[in-house]
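In: sequence first, then the predicted structure:
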Amino acid sequence: MTSVILKTATRLVGALVLVLSIYLLWRGHHAPGGGFIAALVAATGFALVVLAEGPGVVRRGLRIRPQYLIGAGLALSMGAGLVGMIRQQPFLTGVWWPSTSAVAGTPLFFDTGVFLVVLGAILTVLLALEES
Amino acid sequence: MSNLLIYPILLPFGTAAASLLLWRKPALQQAVSLAGVIGQLAACIVLFSAVTEDGIQVLQVGNWPAPYGISLVADHLSVLMLMVTGILGTAAAFYARGELPDHLRAKSFHALFHVLLGGLSGAFLTGDLFNLYVWFEVMLMASFGLMTSGQRRAQFRGAVPYVVINLLATLLFLMGLALLYGLTGTLNMAHLHQKILSHEARGLLTAVAFLFMAAFGIKAGMFPLFFWLPASYHTPGIAVSALFAGMLTKVGVYALIRTFSLVFHHDMATTHGVLLVIAGLTMVTGVLGAAAQNAFRRILSFHIISQVGYMLLGLALWTPLALTGTVFYLVHHMIVKANLFLVSGLGRDINGTMDLNRMGGLYQAYPVVAVLFFVPAFSLAGFPPLSGFWAKLLLIQASLQVEHYIVAAIAVAVGLMTVYSMVKIWIEAFWKPLPSSGTGGAAVPYSGWKMAPVCVLAMITLVIGLGAEPVYRLADTAARELMAPQVYVEAVLGGGRP
Amino acid sequence: METALAIVSGSMVAGGIYLLLSQNLVRILFGLIMLSNAVNLVIFTAGGLTHTKPALIEVGRSVPGTAVANALPQALILTAIVIGFALLVFMFVLFYRSYESLGTIDTRQMTKSAPEKPHATDTTTARQEAGS
Amino acid sequence: MKEHPAHDPSTIYWPGRLSALLPLLLFIGAAFQVPEIQKNGALAMAFDWVPSLNVRFDVVLDGLSLLFVLIITGIGFLVTIYADAYLAGHRQINRFFVYLQSFLLSMVGLVLSNNLILLFVFWELTTLFSFLLIGFQNESATARDSARQALLVTGGGGLLLLVGILLIGDVTGTYAISELQGHTERLHRDARYLPILICLLAGAFTKSAQFPFHFWLPNAMAAPTPVSAFLHSATMVKAGIYLLARLHPIMGGTTAWMTTLVVVGAVTALWGAVVAMAKTDLKSVLAHTTIMALGIMTMFLGGRTTPALTAAITFLLVHALYKSSLFMVVGSIDHQTGTRELAEIGGIGRRMPFTAAAALMAALSMAGFPLFLGFIGKEIMYKGALTEDVFPGLATTAALLSNALMAAVAATVALRPFWGRETPKALTAREAPWAIWFGPLVVGAIGLGFGLIPDWVSRWLVEPAVRAFHATGEDITLKLFYGFNYPLLLSVITMTLGAVFYLARQWLRRTLVRFLTAVPMTMEKVYDGGVKATLAIAKWQTRRLQNGSLFQYLTVIIGTTVIGVGGALLHAGTIRVGWSGPPVPVWLGLLLVCMLVGIGIVVRTRSRLLAICGLGVIGTGMAVIFLTYGAPDVGLTQLLVETLTLIFAAIVLLRLPPIERHHRPGFSRMALSLLVAVGSGALVTGLMMAVQHTEVDRTITAFYEQASYLKAHGRNIVNVILVDFRSLDTLGEIIVVAASALSALALIRGKRSSS
């Protein structure tokens, strides 16, 4: 009975933490937060779930191997840098849309890449360690 | 603005990302990996020709002007190192393909390999000291992974001191960075050059300079900070150890050259005087260490140390000729040393061991391998007309010119000891018949994946030796750029403003 | 405050180095954690502690209104912390696997099993095997 | 020692045979240049190689070079033919010819070089190829060791030679030999003259086996006989002599030069002759007479009179001819009878007539019999010795004694094996194939032929050679008979003495052997001792330094750093102890004290749990400091990293054994650790205090503050730095994170697959 409550609680907390982390990622450009912090928060959430319920749940929940998160994150960050190059500017030059009001820009994609890599990396090790 | 500078960094990292995304497809990973090294080599060649034709190239990353953003700078020294990186990376990747069964289980091998290459390129290109720290970490982390990838007990034994001591170096580097930032308020090396020109706290800067010297000295394997190197270099796979032997300590040497020409130029009598003493001790210690060894790769590992001493010697003497010698030595040494490590792998394939007591008979049965060892080995020993001869000649000549006779004598004596070591390997592994305790004897077919890189590197050694003039000119230009950093500083700080 | 932090950092370095010099992998690990914390503190202190307002630009302004804390060292520390964490995770795993493989966390015993003893070969031994 | 393993029918011979064309063509080509050189002095050709270093591919063919080229290629041709038959059936015969012809080309290059660096390149190449040739019987440990010894001795001398050459370049600004003659004055006056001379002579003496570096040459007889006949009689060992002759007009003529060369040469000559008399192995006898001959040449090159220098060159030619012939003869005896021991061979002359004839002619030339070139060589030798500037007495005595001994040795080598009593081994001897006797016979015959036409030899060969390095108006003509004079008298004495020595050879040998065994220290022992001592030092040093103790490694590294940086800091003297910056609030002070306590706990405790708590206190304390001093991002990250570290620690550390079981270190180790730890802590505190006095330059931060929102569209400046201003750092950083995960994964997974 308690374990069911615990499981539900951790899942709930886990989900909340994930939402929180995405919020942190989003607002990072303007207030404390950003890719690292968001990823660390998310990783902590996943870690709680892993410790409480074992790695299987997280693996199933993720659906893909965490290594792919790393690969995708790296690709995203570097891709964000390439956008400037297409416009004949140096690598990693920030490009914003629309250029006047700056709602979205490559630095945000870059930060998302950071988020994915850090999260993916921590999960990779965490899951592998728990499974070993 | 020249985005050419980013490709040698970006291509390996892109390849690494791609090989991660191809996690379940080892064959495709392998193909992408080979394509990646060739692409990087091409990028290095393009950048190389741009620099040799148009002079120093600068990229202000993110379009933020120096010293606010991070500058990538390619001068002659950088592109020479980069060229060798490209060549050795390609060679090692092909050789690794021949070695693959060992690595097949570690699917992360290709990604780590390319991360290492990218880190190397970054370190050679960056004009920012903190960014250099980041690239050092990239290389370090990748090297940790590659160092332990075979999971043998000896690897763990070697990896622990390797990891601990290198982390210590990293922390020293970071500490030095913090203090230097506190003193100057900048991290851009060209900007640091200017700041230090007019800085008042010279004595304090010298203390900080020594902190950097220690940090890079550990990486470079200089006396008495080298212990991690002989403890670990004989443990990883052949292709990996060849890449390590060729590149990793030389990044340390590169960093020393860069910082002690561009940044810490305020008290050369002290800093370079200390370096000179260290250089002598490094040469002697390394070569004596090698003389005491009796395994193929261990001998080679200790020789790295003694040859780092030669390179430091040129930096310490601080004359155009001496620096030219250092640059020439770097280029020559990286290729030759990596090649010797690769050849040691061929020897192990045949004899089943690296222990010279149990090796033998290679000369009779494998004449091609014998030639492929002979060329780099005697180049390392400084025999003309191979590449090592010119490198040694330049450094001896440089020390004679400034009448540092003791150093010249050490360089000569160490040269002779190097001959001794190379002859020892030759006699024991090649000339001596296979002892009864040996395990080899079964005919091992030449593997094209392994032979091709060894042959190409041996050819390059010959070409550098016979066509020393163009290499000398490049090294000379690099040395002159180092001695007159004004051009570098102007290229970084002058242009590129948005 | 800077002086106080200098003393604290110094103490952390001393403690970290002392731990590093023990021959126990776990204590070495603790030492490295402490050292990397110390270095972060050094960076932070070296950047100056005069201003204590976070380096944020309030909504409605385009530059910080009052003097704010030095943002650059903070960014450097963030990078250093994350890198340090990555190294730490690897070390956890490495030491754990070394223990499994070598059966000890005592560095003396780790190297004892493979002494780097130079073997004897010189001209005399080579001559003895003449006739081969 | 078995020099030729069982015949291997699969061996392909034609490449070796064909390679004989190379020296032959070179010889013919050189021979055609003889009149031209005699008339005009020299031919030159040059192109750039490494012009920036003054290294040019600059070759000059003058009289001296020409004489050498003729000797090298002529004997090289005959030796190739000889070796082809001698080594028939050897598995690696083709490698042999590759080495041999490469050596020959290097040698030709050496004598043609007009650039000292180029000369050095060829010099080292001859060393390298001779290494391969001496160790050609690579299955024999003796051959391997001898090859290494020769390489190390001559290679070491070579390195000194390089230093000498570089110094010459430094003094004069050129490496061109032809230009250097104009700088003789400057060189002789330069303070570095003596070091230069020492370096150059070290190179020449090691190569030409002068005392005390002579010992490698007899050992090098481990090489197959064709190698000895070529390298150790006619070519490689003469490279040193060639160098001395070349340098004569540049470095020669000083007291230092003359004294050194005459004394060293005389000692070498006497030593070689005496040891030769004591030896019984034919090849060893020849090796020592070679040492003697090299000593004689060196001695005469020490002089500066025309007769002395003429003597050196004449004797060079004489020696090259008879010695290569004798080596080939000995090889032929060895080949046919299977032994080289004097006592075991006798009376094979009738069975091997051609070989015997070759031996006879060579030996007579060696003994200096009239009508042979050797006689003329001896005459001019005495003439030269009597005119030496320094120590003419020593030179004459040395020449006289060694010539007499040489005559006795020649008789021993050429007469006894062929004409003495037949020994059992001789009964099975058959004449060798034609290719084996052809070479020695031809060379022997040339020795006789040249003896008959001395004025021809001197006009076309000797005179141009001498004039190439010795400008003189004096007449240089060799004659069969100069009239009744001192040289003739000395010649007569020589022959008489030689006869006496021959007759008393048994007694002489016994005495000499007794004397030689009584000599306590030979140079070879010194060499072996040197190698051993170096190795012992190396092993001791490596045991001390690279002893596998991580504790020691770290102590040395940290200790060195602390001493170096601390020394510089103290020297700078900028630490001012005292509070600076804003005052510390009380609660922060308490926090800092808590952190110090935390450090103490981690250091002292043996409990992992407590240690982790201590680390937690430190980490949290830092987070609070960050948050207090305006770094929310850093503080937050610090806290999160603490949490995750804790999680990993929980997973991993619990799988490791507890620290409690780890025994404590001894007192001295603890004290050393404490010293190093406190030293480094004090250093860091000192450095930070020193740096605090500099107000941080905030120019760059100011730019970020200005541009953060306006140009980079972000209000969190720290974040903007991370993702925009310095995003390359961040890119590198996530790559580190990725690499760390991959490395860790490989480690964990490796366990699964390896277990």
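Out: Structure received.
In: for the residue of chain B found nearest chain A, give me its contacts.
Out: Nearest residue of chain B to chain A, counting by C-beta to the nearest C-beta: B:Leu20, 3.2 Å away. Every C-beta, even on glycine, is put in place using the N, C-alpha and C of the backbone. In this structure, B:Leu20 makes contact with A:Gln67, A:Tyr68, A:Ile70, A:Gly71, A:Leu74, B:Ala111, D:Ala738, D:Leu742, judged by C-beta atoms under 8 Å, 6 or more residues apart in numbering or on different chains.
In: in three-state terms, label B:Gln60 for me.
Out: On the three-state scheme (DSSP: H, G, I helix; E, B strand; the rest coil), B:Gln60 is labelled strand.
In: quick one on the thing from earlier: highest neighbour count among the contacts of B:Leu20?
Out: Counting neighbours by other C-beta atoms under 10 Å in any protein chain shown, B:Ala111 comes out on top of these with 35 neighbours.
In: doesn't that one fall inside a strand?
Out: No - read with three-state DSSP, B:Ala111 is helix and lies in no strand.
In: just give the nearest non-adjacent residue to it, would you?
Out: B:Ala16 (4.3 Å; C-beta to C-beta, 6 or more residues apart in numbering or on different chains).
In: and the one you found, backbone torsions?
Out: According to degrees, to the nearest 10, the main-chain angles of B:Ala16 amount to phi -60, psi -50.
In: what do you get for C:Ile57?
Out: In terms of degrees, to the nearest 10, the main-chain angles of C:Ile57 are phi -100, psi 120.
In: excluding its backbone neighbours, what's nearest the residue nearest to the spatial centre of chain C?
Out: The centre of chain C sits closest to C:Leu32, judged by C-alpha atoms, centre = their mean, with a distance of 4.2 Å. Spatial nearest neighbour of C:Leu32, excluding adjacent residues (C-beta to C-beta, 6+ apart): B:Leu167 at 5.8 Å.
In: what's near enough to touch that neighbour?
Out: B:Leu140, C:Leu32, C:Leu87, C:Met91.
In: returning to that earlier point: for the residue nearest to the centre of chain C, give its distance to C:Ala80.
Out: When C-beta to C-beta, to the nearest Å is the yardstick, C:Leu32 and C:Ala80 sit 13 Å from each other.
In: low-scoring stretches of chain C, by residue?
Out: Counting by pLDDT under 70, the low-confidence segments of chain C come to C:111-132.
In: recalculate using a threshold of 50.
Out: Within chain C, the stretches falling below the threshold (pLDDT under 50) are C:113-132.
In: residue ranges for the helices of it, please.
Out: For chain C, applying DSSP state H gives helices covering C:2-20, C:25-46, C:71-102, C:107-112, C:123-128.
In: which helices and strands sit right next to the second one?
Out: Packed against helix C:25-46, as judged by 3 or more C-beta pairs under 8 Å, 6 or more residues apart in numbering or on different chains; DSSP states H and E, are the following elements: helix B:153-184, helix C:2-20, helix C:71-102, helix D:586-604, helix D:608-628, helix D:632-653, helix D:667-692.
In: give me the buried stretch members for it, please.
Out: Going by neighbour count (16 or more other C-beta atoms under 10 Å in any protein chain shown), the buried part of helix C:25-46 is C:25-46.
In: returning to what we had before: and the helices of chain C as JSON lines, adding distance to D:Leu672?
Out: JSON lines is the format used below for these (distance: least, C-beta to C-beta, whole Å):
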{"stretch": "helix C:2-20", "distance to D:Leu672": "11"}
{"stretch": "helix C:25-46", "distance to D:Leu672": "16"}
{"stretch": "helix C:71-102", "distance to D:Leu672": "24"}
{"stretch": "helix C:107-112", "distance to D:Leu672": "15"}
{"stretch": "helix C:123-128", "distance to D:Leu672": "38"}
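In: the helix or strand hosting B:Ala370 packs against which elements?
Out: With the criterion set as DSSP states H and E, the secondary-structure element containing B:Ala370 is helix B:367-380. Judged by 3+ C-beta pairs under 8 Å, 6+ apart, the packing partners of helix B:367-380 are helix B:320-351, helix B:362-365, helix B:387-401, helix B:405-425, helix B:448-466.
In: quick one: closest of these to B:Trp431.
Out: For those, distance to B:Trp431 was read as C-beta to C-beta. The smallest value, 5.3 Å, belongs to helix B:362-365.
In: what does that closest one rub up against?
Out: By C-beta under 8 Å, 6+ apart, the surrounding residues in contact with helix B:362-365 are B:347, B:350-351, B:369-370, B:373, B:429-431, B:433, B:443, D:91-92, D:138.
In: give me the mean pLDDT for it.
Out: Helix B:362-365 carries an average pLDDT of 88.
In: same deal with stretch D:277-296?
Out: Along stretch D:277-296, the predicted local confidence has a mean pLDDT of 91.
In: same thing with stretch D:53-65?
Out: 92.
In: for it, list the C-alpha coordinates in CSV.
Out: Extracted as CSV, the C-alpha positions of stretch D:53-65 are listed here (Å, rounded to 0.1, in the frame of the first residue of the first chain):
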residue,chain,number,x,y,z
LEU,D,53,70.6,26.4,-43.5
ASN,D,54,73.5,26.8,-46.0
VAL,D,55,73.2,23.2,-46.9
ARG,D,56,73.8,22.7,-50.6
PHE,D,57,74.1,19.5,-52.6
ASP,D,58,77.5,20.6,-53.6
VAL,D,59,79.9,18.1,-55.1
VAL,D,60,83.4,18.6,-56.2
LEU,D,61,85.6,16.0,-57.9
ASP,D,62,89.2,16.9,-57.4
GLY,D,63,92.3,14.8,-57.2
LEU,D,64,91.7,13.6,-53.7
SER,D,65,88.1,12.7,-54.3
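In: picking up where we left off before, which of the contacts of B:Leu167 sits closest to D:Arg669?
Out: The shortest gap between D:Arg669 and any of the contacts of B:Leu167 belongs to C:Leu32, at 19.7 Å (C-beta to C-beta).
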